[in-house]
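A.B. asks: Pasting the sequence and the predicted model now:
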Amino acid sequence: MANPFVSIFRIKELRERILFTVLMLVVFRLGAVLPIPGINVRELNAYFLSQQNSGNAIVDYLDFFAGGAFSNFSIFMLGIMPYISMSIIMQLLLIVFPRMKKISQEEGGRKKIHAYQRYGTVIVCLIQSFSVTRYAQSISRSVENLLSLGMLPFTLIAMLTVTVGSLFLMWMGEQITKRGIGNGVSLLIFAGIVARLPQAIWELFGRVRSGNLNLVFVIVVLFIFVAVITLVVFEQQGQRKIPVNYAKRVVGRKMYGAQNTYIPFKINPSGVIPVIFASSLLTFPLQIASTVGGNIPWLASVARILTPSGPLYNILYVLLIIFFAYFYTQVSLNPIEIAKNIRENGGSIPGIRAERIEEYLTKILNRIVLPGSLYLALIAIIPTFIQWAFKFPTSISYLMGGTSLLILVGVDLDTMSQVEALLKMHYHDGLTKRGRLQGRNL
């Protein structure tokens, strides 16, 4: 029992949770290669193979979050992004409309808000699935026998299939969170990235052998990746401890002594959520503009301007990461609520007056979130820098770049921290002999 990895499979609850999560991820990967009805898979693969040398940045970007399901025109080609996009919209609506926020605070209000979010996800899926059918139609003009159905039947069947596929992924994510291990939505994105890594590495070696990539550049980039992973782990674990002292108090006939504790404020309280939210919010208009743009000139211009390797996209990406870092921190760590709980329990922060605790905590959070968000943004735009400086193909730079590393490391740390918590609950040592893994709710 000294080996923690052996202990994982000896504990019934933990073993069942892990096996359930693995089963759900296997279903996700099978669905990622199952094409929607009416698509000639052989002609589709031949088309994207012919486009491989010239590169298609937008398709590679959409494949990055869908785990390769977009280029397969599979039933999961939209991935989990419609659900994430709608969750962002719902969080913003709760702030803009006080009535909705009041509903969320009532008894059973969270279920109502969650139901609205699901209905909104259906609408987002229908819009994005319609744009997908337009994209298939544009490809069929240059590829014979791509569609085995008429355009109208294909549109209806494709919209229904892809929408149901995304809703099924939403359900899978909820089930993994409830009955499995880790956060379900984050694990689905994690699995998609991991599934694409072997192909990207194989393509990288192929380009080195053919002379299209300089071996020295590849070694330099690999060192950059290792350094970034180290910095990401260091940053994810970093925190600032705010000391809190509680005075003596009498409960019944018992007197409880003073307690000295602390509030752990992480350097990056929101984890990888700003990166996922920013990517999701940009993916929605980018997909519509790129897939429908062939028929509408102004949408084609938007698709060209918003190309993932372009300057405007990266500027918006950085700004959205910073915005969501502040936004999610205020939602999850409200200084007013924290200060209220400290005062109600007879606590105090050394050197800070009781009426100024909110101001002090807000100041500390602002000082922490700003460098943390800038750090996230810097890591997230590394793929663009690698693509520009070392002439790496987009399919490799996205999968081995900053965004993928942030998601992989963040989700991995969170999942490992949950496993460690369950091990400790069953009187076992954690996964690490020294220290403690610190995850976050992704």
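C.D. replies: Perfect, thanks for sending it.
A.B. asks: The spatially most central residue of the chain and residue 407, how far apart?
C.D. replies: For the chain, the residue nearest the mean C-alpha position is residue 276 (3.7 Å; CA atoms, centre = their mean). Separation of residue 276 from residue 407 (CB to CB, to the nearest Å): 7 Å. Where C-beta positions appear, they are placed from N, C-alpha and C, glycine not excepted.
A.B. asks: go on, residue 422?
C.D. replies: For residue 422, the distance to residue 407 (CB to CB) stands at 23 Å.
A.B. asks: of those two, who's got more company?
C.D. replies: Legend: neighbour count by other CB atoms under 10 Å for residue 422 and residue 407, higher for residue 407 (26 against 19).
A.B. asks: give the contact list for that one.
C.D. replies: Neighbouring residues of residue 407 by CB atoms under 8 Å, 6 or more residues apart in numbering: 186, 189-190, 193, 272, 275-276.
A.B. asks: Now with 7 Å, please.
C.D. replies: 189-190, 193, 272, 275-276 (CB atoms under 7 Å, 6 or more residues apart in numbering).
A.B. asks: any chance of those residues in CSV, plus distance to residue 263?
C.D. replies: What follows is those, written out as CSV (distance: CB to CB, whole Å):
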residue, distance to residue 263
189, 30
190, 29
193, 33
272, 22
275, 25
276, 26
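A.B. asks: Just the buried residues out of those residues, in ChimeraX syntax.
C.D. replies: The following ChimeraX line selects those of the contacts of residue 407 that are buried, judged by 16 or more other CB atoms under 10 Å:
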select :189,190,193,272,275,276
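A.B. asks: where do the contact lists of residue 276 and residue 407 overlap?
C.D. replies: Common neighbours of residue 276 and residue 407, using CB under 7 Å, 6+ apart, are residue 189.
A.B. asks: ok, then the element right after the host helix or strand of residue 331?
C.D. replies: Per DSSP states H and E, residue 331 falls inside helix 311-332. Using DSSP H and E, the helix or strand that directly follows helix 311-332 along the chain is helix 335-344.
A.B. asks: Determine how far that next one lies from the middle of the whole chain.
C.D. replies: Relative to its chain's centre, helix 335-344 lies at 30 Å (CA atoms, centre = their mean, to the nearest Å).
A.B. asks: Please enumerate the helices of the stretch 301-442 of the chain.
C.D. replies: For the stretch 301-442 of the chain, helices defined by DSSP state H, counting those that start in this stretch occupy the ranges 311-332, 335-344, 357-380, 382-390, 394-399, 402-425.
A.B. asks: Check those for me: which has the lowest mean pLDDT.
C.D. replies: Of all the helices of the stretch 301-442 of the chain, mean pLDDT reaches its minimum on helix 394-399 (a mean of 70).
A.B. asks: how about the strands of this protein, start to end?
C.D. replies: Counting by DSSP state E, the chain has strands at residues 239-246, 249-251, 254-256, 259-266, 347-348.
A.B. asks: mind listing what the shortest one pairs with, with the direction of each?
C.D. replies: In this case it means strand 347-348. Using DSSP bridges, the strands paired with strand 347-348 are strand 239-246 (antiparallel).
A.B. asks: what does the partner strand rub up against?
C.D. replies: 258-267, 342, 345-350, 364, 368.
A.B. asks: mind running it again at 6 Å?
C.D. replies: For strand 239-246, the surrounding residues in contact (CB atoms under 6 Å, 6 or more residues apart in numbering) are 258-266, 346-350.
A.B. asks: closest to residue 151 among those residues?
C.D. replies: Using CB to CB, the shortest approach to residue 151 within the contacts of strand 239-246 belongs to residue 266, at 51.2 Å.
A.B. asks: Which of the contacts of residue 407 sits closest to residue 309?
C.D. replies: Nearest to residue 309 out of the contacts of residue 407 is residue 275 (CB to CB; 17.3 Å).
A.B. asks: so who does that closest one touch?
C.D. replies: Residue 275 makes contacts with 380, 403, 406, as judged by CB under 6 Å, 6+ apart.
A.B. asks: For residue 268, see how far away it is.
C.D. replies: Per CB to CB, residue 275 is found 10 Å from residue 268.
A.B. asks: Please work out which of the strands of the chain is packed deepest.
C.D. replies: Sort those by mean neighbour count, taking mean count of other CB atoms under 10 Å, and strand 347-348 sits at the top with a mean of 18.
A.B. asks: Compute the distance from the centre of that one to the centre of its chain.
C.D. replies: 36 Å.
A.B. asks: Contacts for the helix holding residue 331, please.
C.D. replies: In this structure, residues lying in contact with helix 311-332 by CB under 6 Å, 6+ apart are 269-270, 273-274, 277-278, 305-306, 369, 373, 376-377, 381, 384.
A.B. asks: Among the residues you listed, name the buried ones.
C.D. replies: Taking 16+ other CB under 10 Å as the criterion, what is buried in these is 269-270, 273-274, 277-278, 306, 369, 373, 376-377, 381, 384.
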